[in-house]
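A.B. asks: give me the fold of what follows.
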Amino acid sequence: MKPIYIAYYTKNTGYAVEVKNLEASLIKFELDYEIQGITNLGSWNKNTHYKPTFIKEMLVKHERPVVYLDADAVVCNYPTLLDTADFDIGVPVLDWSKYRSRKQITETMSGTLYFKPTPRVSALIDAWIHVCEVDGKTWDQRLLAKLLPEFTILPDEYCVIFDFMRVVQNPIIKHMQASRRLRNVINKGGAPKC
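C.D. replies: Prediction:
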C-alpha cells in the first residue's frame, strides 16, 4: 500500500511559508498527503517534540504507512522506494564524513521518516512521545536514535540537506534547513522573517 505523506508546521511563523513549497512538490508528484498547522507550543524544541504525537495521530487516522517530512522539505523526484517498502521503519542516517572533512560520525536524522502501522511501530512511537515529554531539551532525532529497534536505513537521496550534500546525484527529498533561520525567532516569540 502506498504511503501518505504527512507534515505539520507552526502557524504564524516562517514555517507557514516553507510548507507551501512542500505542498506544491507533493501535488506535482501526485502524492497523497496531509499537512496540518499547529499553534506555537512556546519554543522550537517543544514544536519539534510534537513530531511523534503527530505521527501517531496520522498512523491511527489513515491506517496505512506514513512518510513524515519536515515542513521545509521538498520532493524533487518521485520516491519510488517508499511505494513498495517491505520494511516497517525507515530512517535516514547521515555519515558526516562523506560530505564534510570530519571523522566518521553518523547521525540519525528525522526530517524524513517512514513508518507502517504495526504494533512494533506503535510501541516505538509511544516510547518516543514519552521521552520527548520527559526531556524537553534534547533534539527529537537524538531521542529517537536512542530508542530505535532494528530498522532500514533510507538512502541519502531521501534526506538531502540542501547545502552540504550537493554531491548527492538525483535527490529524492531535499531539506532546506529552515531551522537555521527560524529557530531563534520562534524561541523569542518574534515575528517571522520571510
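A.B. asks: who does Leu154 bridge with?
C.D. replies: Counting by DSSP bridges, Leu154 is bridged to Pro92.
A.B. asks: so what's the residue count around it?
C.D. replies: By the measure other Cβ atoms under 10 Å, the count of residues near Leu154 is 25. C-betas here are computed from N, CA, C, even on glycine.
A.B. asks: next up, the contacts around Thr112.
C.D. replies: For Thr112, the contact set (Cβ atoms under 8 Å, 6 or more residues apart in numbering) comprises 67-70, 73, 92, 154, 158-159, 173, 175.
A.B. asks: where does Glu18 land on pLDDT?
C.D. replies: On the pLDDT scale, Glu18 is placed at 85.
A.B. asks: give the contact list for it.
C.D. replies: 9, 71-72, 176, 178.
A.B. asks: tell me the secondary structure for it?
C.D. replies: Counting by DSSP: H, G, I helix; E, B strand; the rest coil, the backbone at Glu18 sits in helix.
A.B. asks: in terms of model confidence, name the weakest of the contacts of Glu18.
C.D. replies: Ala178 (48).
A.B. asks: how many residues are close by Ser97?
C.D. replies: Neighbours around Ser97, by other Cβ under 10 Å: 12.
A.B. asks: that one - that's part of a helix, no?
C.D. replies: Yes - under three-state DSSP, Ser97 falls within a helix.
A.B. asks: thought it was touching Ile105?
C.D. replies: Yes - if you go by Cβ atoms under 8 Å, Ser97 and Ile105 touch, sitting 6.8 Å apart.
A.B. asks: okay, which residue is most central for the protein?
C.D. replies: Gly111 (2.6 Å; Cα atoms, centre = their mean).
A.B. asks: which residues sit in contact with it?
C.D. replies: Contacts for Gly111 (Cβ under 8 Å, 6+ apart) come out as 69-70, 73, 92, 159, 173, 175.
A.B. asks: how near is it to Asp86?
C.D. replies: The gap separating Gly111 from Asp86 is 23 Å, by Cβ to Cβ, to the nearest Å.
A.B. asks: same thing with Lys28?
C.D. replies: With distances taken as Cβ to Cβ, Lys28 is found 26 Å from Asp86.
A.B. asks: of those two, which one has the most company?
C.D. replies: Lys28 (12 against 6).
A.B. asks: helices of this structure, start to end?
C.D. replies: Counting by DSSP state H, the chain has helices at residues 15-28, 44-49, 51-62, 80-83, 119-134, 140-147, 179-188.
A.B. asks: buried stuff in stretch 21-31?
C.D. replies: 21-23, 25-26, 31 (16 or more other Cβ atoms under 10 Å).
A.B. asks: now do stretch 148-168
C.D. replies: For stretch 148-168, by 16+ other Cβ under 10 Å, it's 151, 154, 156-161, 165, 168.
A.B. asks: which of those residues scores worst on pLDDT?
C.D. replies: Across the buried residues of stretch 148-168, the bottom pLDDT score, 63, is held by Met165.
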